[in-house]
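Asker: this is a predicted model, with the sequence first.
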Amino acid sequence: MPRTQLPDATSLGAVTLRVGDLSRSIAWYTEVLGARVLSQHAAHDHVAATATLGAHGDDTPLLHLVERPGARPAPSRGRLGLYHVAWLLPDRAALGRFLAHVAQRGERVGSADHLVSEALYLQDPDNLGVEVYRDRPRAEWTVERGTVAMASLPLDARGLLRDAAGAAYTGLPAGTRIGHVHLHVSDLTVSTRFYRDVLGLSVTQDGYPGAVFLSAGGYHHHLGTNEWAGPGAVPATEADAALLQWTVQVPDTEALGALRARARAEGVAVATATGGDGNEVLMLPDPWGTHVAVSASLR
């Protein structure tokens, strides 16, 4: 298994979603998920209304919402692009508090124990997938020859609630971040070639039926890809709610230069943008039109 070409310190940044009703989405992401609005801008001069959200006690942007009024909700099947955005909480007690919160609200929630993590699953108002999870310590993961053991087992909900110790959920705690993104693709061979050979992630698990998981730095996965959308699935159009962009953060400009060279060698077009901090951002469209923004965290 090839070593990842991205530095071990690589992590994920904010994701950008196109939604059909900004006020509705803000209400869901603040009241159900527990995010905090960092900024909001009304539509003007043909520029869409937007909002940026993050965790409480932390000004790091985690979610950008872009409104297209009346955008069609994502269908349950048949659409390439987002499967879910996964929000990583800092500890098990926080996940337990979140579970109690959504249960009290009567939200429809899925769940699983993935061996490396414990996870809850919801759908936002545009039927875009949301995972909220906590990681087990790396020392508890099983890794053999570069493959991380993962499964989908019943979640110990009682244990989570016990760890919450009856404390109220007061929103996403400081330290929450985007842990991974999971995408519907139409061809795993094509997606793996792009995300491994161009972006530079390493395959960590390809034993799931119809799915491949990839990461940098030995993490269980920063990216999941699957063929579960079904035959004939198509990318979202501009009239659909969808994932517009997800962000990969590398620690230095050398990693950006290496990525640009890999993309050029593979014949992949790379656009250059300027981030909010004034630094260079590389923009790569995957084979189905989902953009990956790669920036250097210069700290």
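Answerer: Great, that's in hand.
Asker: what's in contact with stretch 243-251?
Answerer: With contact meaning Cβ atoms under 8 Å, 6 or more residues apart in numbering, stretch 243-251 is reached by 6-7, 9-18, 66, 81-82, 85, 128, 178, 181, 183, 199, 222, 256, 259, 283, 290-297. (Each C-beta comes from the backbone N, C-alpha and C, glycine too.)
Asker: I'd like the distance between residue 222 and residue 202.
Answerer: Going from residue 222 to residue 202 by Cβ to Cβ, to the nearest Å gives 10 Å.
Asker: spit out the residues that contact those two alike.
Answerer: 214-216.
Asker: of the residues you listed, just the buried ones, PyMOL syntax please.
Answerer: Buried residues within the shared contacts of residue 222 and residue 202, by 16 or more other Cβ atoms under 10 Å, are selected in PyMOL with:
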select buried, resi 214+215+216
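Asker: just the ones of the shared contacts of residue 222 and residue 202 in helices?
Answerer: Among the shared contacts of residue 222 and residue 202, no member is found in helices (DSSP state H).
Asker: the most centrally placed residue in the chain: what secondary structure?
Answerer: In the chain, the C-alpha nearest the mean C-alpha coordinate belongs to residue 181, at 2.9 Å (Cα atoms, centre = their mean). Under the three-state scheme (DSSP: H, G, I helix; E, B strand; the rest coil), residue 181 adopts strand.
Asker: residues in a beta bridge with the closest residue to it other than its chain neighbours, which ones?
Answerer: Residue nearest to residue 181 in three dimensions, not counting chain neighbours: residue 246, with 4.7 Å by Cβ to Cβ, 6 or more residues apart in numbering. Per DSSP bridges, the residues bridged to residue 246 are residue 15, residue 292.
Asker: any idea how many residues pack against residue 246?
Answerer: By other Cβ atoms under 10 Å, the residues close to residue 246 number 24.
Asker: cool, residue 89 as well?
Answerer: Residue 89 has 25 nearby residues by other Cβ under 10 Å.
Asker: gap between it and residue 180?
Answerer: Taking Cβ to Cβ, one finds residue 89 at 13 Å from residue 180.
Asker: what residues sit buried inside stretch 172-189?
Answerer: 172-173, 176-186.
Asker: er, stretch 73-90 actually
Answerer: So, applying 16+ other Cβ under 10 Å, buried residues of stretch 73-90: 74, 79-90.
Asker: pLDDT on it, on average?
Answerer: Model confidence over stretch 73-90, given as mean pLDDT, is 96.
Asker: so where's the chain shaky on pLDDT?
Answerer: 1-4, 298-299 (pLDDT under 70).
Asker: at 80 what do you get?
Answerer: 1-4, 275-278, 297-299 (pLDDT under 80).
Asker: now the helices for it?
Answerer: Under DSSP H, the chain gives helices at 22-28, 92-105, 157-164, 188-192, 253-265.
Asker: distance of residue 143 relative to residue 218?
Answerer: Taking Cβ to Cβ, one finds residue 143 at 8 Å from residue 218.
Asker: find residues that contact each of those two.
Answerer: Counting by Cβ under 8 Å, 6+ apart, nothing touches both residue 143 and residue 218.
Asker: need the contact list for the closest residue to residue 38 other than its chain neighbours.
Answerer: Spatial nearest neighbour of residue 38, excluding adjacent residues (Cβ to Cβ, 6+ apart): residue 52 at 4.7 Å. Residue 52 sits next to 14, 37-40, 61, 63-65 when contact means Cβ under 8 Å, 6+ apart.
Asker: burial of the closest residue to residue 122 other than its chain neighbours, as a residue count?
Answerer: Nearest non-adjacent residue to residue 122, counting by Cβ to Cβ, 6+ apart: residue 130, 4.7 Å away. Neighbour count of residue 130, defined by other Cβ under 10 Å: 19.
Asker: dig out what residue 130 forms beta bridges with.
Answerer: With DSSP bridges as the rule, residue 130 is bridged to residue 85, residue 122.
Asker: which phi and psi does residue 167 have?
Answerer: phi -70, psi 140 (degrees, to the nearest 10).
Asker: got the contact list for it?
Answerer: Counting by Cβ under 8 Å, 6+ apart, residue 167 has contacts 93, 97.
Asker: from residue 98, how far out is it?
Answerer: For residue 167, the distance to residue 98 - Cβ to Cβ - is 11 Å.
Asker: next: residue 119.
Answerer: 11 Å.
Asker: can you check residue 226 too?
Answerer: Relative to residue 98, and taking Cβ to Cβ, residue 226 is found at 25 Å.
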